[in-house]
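the following block contains a protein sequence and its predicted model.
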Amino acid sequence: MLLAQPQTSSGQEIDVIRTETDLTNLLLTATDQNNRYVTTLQQNDVRVLEDGVPQTLFTFQRETDRPLAIAFLIDVSISEERTLPDEKAAARTFIENVIRSEKDQAAIIPFEGYAHLEQPLTRDMLSIYRALERVDVAYPSYMGSAPPLSGISSGPGTVRPPQEGSTAIWDSIALTCRQVLARSPGQRRRAIILLTDGRDTSSRLLRSEAIDQAIGTEIVVYAIGIGDKKYDGVDRGPLNNIAERTGGRAFFPKKEDDLKAAFAEIEQELRSQYLVAYASTNKNHDGAYRKMTIEITNSEMRKEQLKLRYRPGYFAKRS
């Protein structure tokens with residue numbers, strides 16, 4: 001369940017608990033033509049449509065203080081050998097600046113053909129730093145201490161298990177959503193920060209299945225595409241796709257400063273989002289996918305050609 005805090009007419013906040021079927025939540029980010037975050041939107045400035053049908057908003061408010069649960073999903077296949085040290089340094093800086101030990105949680109999950117939960121979600125900063133420091137390239141084989149995350153079947157009639165030295169991005173995302181972030185307690189904003197070159201070679205799941213898993217567990221994916229020209233560089237298309245479909249962003253840094261800037265952008269976005277919630281007019285609890293659209297209705301703001309970023313759909317709950 002997700003907690004929403006609508007405003008009463010007196011301005012006081014009241015706590016309302018979302019049930020599994022009656023309230024839809026999404027996070028909205030607005031930027032202007034100079035990519036500056038817009039933090040002045042009001043509820044009457046926007047309109048939300050679900051499958052083309054206007055919806056009545058239950059709440060619309062800035063989301064600046066909700067506890068975070070962030071999983072760092074780090075590609076440790078051989079293609080990341082020369083970039084991994086910079087990735088780890090930038091991730092550590094992000095953790096130092098963003099993760100608040102009194103309320104936020106982080107997990108460290110290196111992956112190659114399999115994902116390894118080296119540090120489950122915790123508020124213990126020292127444990128997070130130690131796990132991050134231990135992350136190393138899986139060459140000639142994975143050297144960490146955590147066993148692979150399980151839950152994807154292999155056998156006759158299915159895709160064969162990943163081979164040593166391969167890369168399974170989509171499997172790793174799906175398992176991280178299902179087995180790590182979805183189990184985080186309380187009303188948290190859940191996100192994956194994915195560091196990879198985007199070249200999946202051994203996933204047993206399709207990218208679409210990983211996207212569906214993220215959407216179903218309300219998890220945003222921020223993809224940082226970083227790779228080595230020696231290994232064909234970065235495949236941008238899949239990373240743009242999974243970020244856009246889950247309401248996140250994809251970044252493609254070319255040098256160390258760009259990598260730091262990407263993490264800084266993610267930090268700023270996490271503090272500049274709006275929580276939008278509405279009770280859908282479609283009362284069918286059929287598990288179907290529903291498309292969401294948000295439009296600017298304020299005529300002056302429309303002139304500014306704001307860019308809105310949000311998860312473009314969700315799966316209805318089943319009865």
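Yep, that arrived.

residue 173 reaches residue 192, doesn't it?
Yes - Residue 173 is within contact range of residue 192, at 6.4 Å (criterion: CB atoms under 8 Å). Bear in mind the C-beta positions are built from the backbone N, C-alpha and C, glycine included.

how about the strands in the stretch 101-250 of the chain?
Using DSSP state E, counting those that start in this stretch, the strands found in the stretch 101-250 of the chain span residues 105-111, 119-122, 189-196, 219-225, 250-251.

quick one: closest of these to residue 270.
Of all those, strand 189-196 sits nearest to residue 270, with 7.2 Å by CB to CB.

residue 95 contacts residue 127, doesn't it?
No - counting by CB under 8 Å, residue 95 stays clear of residue 127, with 11.3 Å between them.

between the two, who's got more neighbours?
Neighbours were counted for residue 95 and for residue 127 using other CB atoms under 10 Å; residue 95 has more, 19 against 14.

quick one: pLDDT of the more buried one?
On the pLDDT scale, residue 95 is placed at 95.

for the strands of the stretch 101-250 of the chain, give me a markdown table that also has mean neighbour count, mean pLDDT and distance to residue 206.
As requested, these are exported to a markdown table (neighbours: other CB atoms under 10 Å; pLDDT from 0 to 100; distance: least, CB to CB, whole Å):
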| stretch | mean neighbour count | mean pLDDT | distance to residue 206 |
| --- | --- | --- | --- |
| strand 105-111 | 27 | 97 | 17 |
| strand 119-122 | 20 | 96 | 26 |
| strand 189-196 | 25 | 95 | 16 |
| strand 219-225 | 26 | 96 | 15 |
| strand 250-251 | 21 | 96 | 19 |
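
in CSV, list those strands along with distance to residue 131.
Listed next are the strands of the stretch 101-250 of the chain as CSV, based on distance: least, CB to CB, whole Å:
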stretch, distance to residue 131
strand 105-111, 4
strand 119-122, 3
strand 189-196, 14
strand 219-225, 18
strand 250-251, 23
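
hang on, the earlier thing: which residues do residue 173 and residue 192 both contact?
The contact sets of residue 173 and residue 192 overlap at 73, 214, 221 (CB atoms under 8 Å, 6 or more residues apart in numbering).

OK, contacts around the last one?
Yep, that's residue 221 we're talking about. Residue 221 sits in contact with 173, 191-192, 194, 214, 242-243, 246, 248, where contact means CB under 8 Å, 6+ apart.

how close does it sit to residue 249?
For residue 221, the distance to residue 249 (CB to CB, to the nearest Å) stands at 9 Å.

between those two, which contacts overlap?
Joint contacts of residue 221 and residue 249 (CB under 8 Å, 6+ apart) are residue 243.

does residue 293 sit in a helix, a strand or a coil?
strand (DSSP: H, G, I helix; E, B strand; the rest coil).

helices along this protein, start to end?
Assigned by DSSP state H, the helices in the chain fall at 84-98, 125-134, 169-176, 207-216, 236-246, 256-270, 299-303.

these: which one's closest to residue 277?
helix 207-216 (16.4 Å).
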